[in-house]
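Novice: Provide a 3D model corresponding to the input given below.
(2 chains)
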2 protein chains.
Amino acid sequence: MRQFVVVGHDAPTTPDFALDDLAGAAGRLDVLCRCVNAAFFLSHAIREDVRTHLVLADAFTVTFEGSDLRRLNPDERSTAALIRTALEHREDAIGHQPVESTPGVSIRRRGFEATLDALDGTLIHLNENGTPVVDCDPPDDPIFVLSDHHDFTAEETNVLADRADLRVRLGPKALHADHAITVAHNFLDTGGFRSY
Amino acid sequence: MRQFVVVGHDAPTTPDFALDDLAGAAGRLDVLCRCVNAAFFLSHAIREDVRTHLVLADAFTVTFEGSDLRRLNPDERSTAALIRTALEHREDAIGHQPVESTPGVSIRRRGFEATLDALDGTLIHLNENGTPVVDCDPPDDPIFVLSDHHDFTAEETNVLADRADLRVRLGPKALHADHAITVAHNFLDTGGFRSY
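Specialist: As a prediction, the model looks like this:
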């Protein structure tokens, strides 16, 4: 199982946003949609062994489960519509219980720290000062933690520093979160670049 | 200089498409927009040493020039708007002369074969039967040729077979075109995975 946690600092927490303005009034939800695309799509297939968690403004977490997804399309707009539908069910998310809004998509009332604490695997902080990925062996059950167009806050950085098993950099250039997901998948697909 | 050529088989050749239906009536223009995103964006920067050519239904080619781009944003919708503006200038594209529609974006009346013939560099056909990328040295002035959600046609495959300098595969899984661009960039950024 590969997991991705993506923090959306400005992401909406209510469903009253327009699909026509994802990069504007919807708090750069376009970034999170591209992360979902990168996490799940292969050519003519879905990666079923992937789970992706979008943390919306530290209030809700929307989880996409690869093995259960039925209505995911690659474009930003349709993915944003799935997130909007999840947010329409936010009032039903009581305590930390998830509510499934569409097949494979569920919402929980849970912020960043609680989301990390609930996951089992090798927690990986992608960071430009980390170990070059080519010097790493592919970890078991990796959980990659990424931020949207903003850097992690000081508080999030502290939470990550406490919990991360590895700090890894994917290359010499800082990438968008969705591009980082694509490179991480390629690293794992090839069994680590050294052994491919 | 890194170049990418992306073939949009169903892409529009007139500007009368809706930005609200890129994945539908606009002939999967969302795919081409994501390719532009992958080709140019770094975190908080544009890759200036990149040129990307979108071949629209073998009739027009819209070229994005990294060093001149001024209004490119990461989301699909705003990139589609730049392509639409380019198509509004299609009648001014006479012969093979380009017309600049917005800073760094130009349109030419030119199909797939003529576009390839006009480029200088190492032409690379990304193909699942190619040489694993980790066994390749980074080429000079690479030109990666990719297809949208359809495979290359038999005719395009023949054109490529005649002209390609290398056939390369990026990993064991077939990727979307935009993800392939991201992996290719990472390969080049790291100077070839072996030497990083």
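Novice: sticking with the closest residue to A:L56 other than its chain neighbours, tell me its helix or strand.
Specialist: Spatial nearest neighbour of A:L56, excluding adjacent residues (CB to CB, 6 or more residues apart in numbering or on different chains): A:A11 at 4.1 Å. Just so you know, the C-beta spots here come from the backbone N, C-alpha and C atoms, and that holds for glycine as well. Assessed by DSSP states H and E, A:A11 sits outside every helix and strand.
Novice: where do the strands sit along chain A?
Specialist: A:2-8, A:41-42, A:45-46, A:50-56, A:60-65, A:99-102, A:105-108, A:122-132, A:142-147, A:166-169 (DSSP state E).
Novice: what mean pLDDT does stretch A:67-86 get?
Specialist: For stretch A:67-86, mean pLDDT rounds to 96.
Novice: same deal with stretch A:146-163?
Specialist: 96.
Novice: now do stretch A:135-143
Specialist: 89.
Novice: end-to-end on it?
Specialist: Terminal residues of stretch A:135-143 lie 18 Å apart, using CA to CA, to the nearest Å.
Novice: is that stretch in proximity to chain B?
Specialist: No: taking CB under 8 Å from any CB of the partner chain as the criterion, stretch A:135-143 and chain B are apart, separated by no less than 8.8 Å.
Novice: mind listing what's buried along that stretch?
Specialist: A:C136, A:P138, A:P139, A:P142, A:I143 (16 or more other CB atoms under 10 Å in any protein chain shown).
Novice: please point out which parts of the helix-or-strand element of chain A with minimal mean pLDDT sit buried.
Specialist: Least confident helix or strand of chain A, by mean pLDDT, DSSP states H and E, is strand A:122-132 with a mean of 90. Judged by neighbour count using 16+ other CB under 10 Å, the buried positions of strand A:122-132 are A:L123, A:I124, A:H125, A:L126, A:N127, A:G130.
Novice: repeat that for stretch A:4-19.
Specialist: Buried-residue list, stretch A:4-19, by 16+ other CB under 10 Å: A:F4, A:V5, A:V6, A:V7, A:G8, A:H9, A:A11, A:P12, A:F17.
Novice: list the contacts of the residue nearest to the first one when sequence neighbours are not counted.
Specialist: Translated: A:F4. The shortest distance from A:F4 to any non-neighbouring residue, by CB to CB, 6+ apart, is to A:T52 (4.6 Å). Counting by CB atoms under 8 Å, 6 or more residues apart in numbering or on different chains, A:T52 makes contact with A:Q3, A:F4, A:V5, A:V6, A:C35, A:V36, A:A39, A:F40, A:T63, A:F64, A:G66.
Novice: for A:T52, give me the pLDDT.
Specialist: Reported pLDDT for A:T52: 98.
Novice: so in terms of bridging, what pairs with it?
Specialist: A:F4, A:F64 (DSSP bridges).
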